[in-house]
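>>> Predicted coordinates and the sequence they were generated for:
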Amino acid sequence: ADRAALVGHGHAGQLCMLVAASHPDRVQALVTVNSLARLARAPGYHTGMPEAAQQTWIKGLRATWGTTDPLHLMALAPDLAGDEFARAWWARMERAAGSPRRAVRKQELAFELDVRDVLEAIAVPTMVIQSAGNLFVMPIQGRYLAEHIPGAQYLELASGGHFPWAAPDADRFLDELEVFLTGAPQPPGRDRVLATVAFTDIVDSTAM
């Protein structure tokens, strides 16, 4: 592909924003999904997560990582938190991903990732999608992106959680994404197909 549409969720959105600002000739469009410029609060940046909340998150990660009572799932996907299968699957995924120490170190680094300086340089069509009830990346973070990326569209979904595809209004998320990237929604799919069987009998066919 000579030019790609970039869709970045969470911290992946930061990388997509950096690429869009650095290589506008290679980027067709940019979509951020529950993404952010910087997760942690900093001087002059009150949009970020306060220090006390950061420490609470780190403490919870250390205590629940890889268990069937995972902090991550309850905060990031509350619609799945009551599903026993989802909790067991999530616990296995966390254990396969790394140790609690590794998870904490990754999160500490993620707090410091910062792309605020590149936002004004993004010159490609951009949509910022944000979940209203997101407890991890709150709407104030999404609004900050929309206000600082020139010409960005802002879409706030009613559902909670960090993963809009796991929320009750997932169809709206996908529809809005499709319209922004393609200009039109796909026609609705059909789950019924007409099949025809033709049988022809030739008189005295056996003798022939």
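Right, received. Where do you want to start?
>>> Remind me what the helix or strand of the chain with the lowest mean pLDDT packs against, helices and strands.
One helix or strand of the chain scores below all others by mean pLDDT, DSSP states H and E: helix 71-76, with a mean of 80. Here helix 71-76 touches helix 51-64, helix 84-97, going by 3 or more C-beta pairs under 8 Å, 6 or more residues apart in numbering; DSSP states H and E. Every residue, glycine included, has its C-beta placed from N, CA and C.
>>> Of all the ones you listed, which one is nearest Leu109?
Distance to Leu109, taken as C-beta to C-beta, is lowest for helix 51-64 among the helices and strands packed on helix 71-76, at 11.7 Å.
>>> what's that closest one packed up against?
Applying 3+ C-beta pairs under 8 Å, 6+ apart, we find helix 51-64 packed against helix 71-76, helix 100-112.
>>> Buried residues in the longest one, which are they?
Put plainly, it is helix 100-112. Across helix 100-112, burial judged by 16 or more other C-beta atoms under 10 Å covers 100, 103-104, 107, 111.
>>> With distance to Phe173 and pLDDT added, can I get those residues in a markdown table?
As requested, those are exported to a markdown table (distance: C-beta to C-beta, whole Å; pLDDT from 0 to 100):
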| residue | distance to Phe173 | pLDDT |
| --- | --- | --- |
| Pro100 | 31 | 93 |
| Ala103 | 27 | 92 |
| Val104 | 30 | 94 |
| Gln107 | 25 | 93 |
| Phe111 | 26 | 94 |
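>>> mind listing what Phe163 touches?
9, 34, 76-77 (C-beta atoms under 8 Å, 6 or more residues apart in numbering).
>>> most surrounded residue in these?
Per-residue neighbour counts (other C-beta atoms under 10 Å) across the contacts of Phe163 peak at Asn34, which has 25 neighbours.
>>> Next one: that residue from Asp175, what distance?
For Asn34, the distance to Asp175 equals 17 Å [C-beta to C-beta, to the nearest Å].
>>> In contact with the closest residue to Met17 other than its chain neighbours, which residues are there?
Once flanking residues are discounted, Met17 sits nearest to Val115: 5.2 Å by C-beta to C-beta, 6 or more residues apart in numbering. Counting by C-beta under 8 Å, 6+ apart, Val115 makes contact with 14, 17-18, 37-38.
>>> nearest to Ala166, of those residues?
Nearest to Ala166 among the contacts of Val115, with distances taken as C-beta to C-beta, is Gln14, at 21.4 Å.
>>> What count of nearby residues applies to Gly10?
Here the number of neighbours of Gly10 (other C-beta under 10 Å) works out to 19.
>>> show me what contacts it?
33-36, 137, 162.
>>> Neighbour-wise, which one of those leads?
Leu36 (29 neighbours).
>>> Thank you, goodbye.
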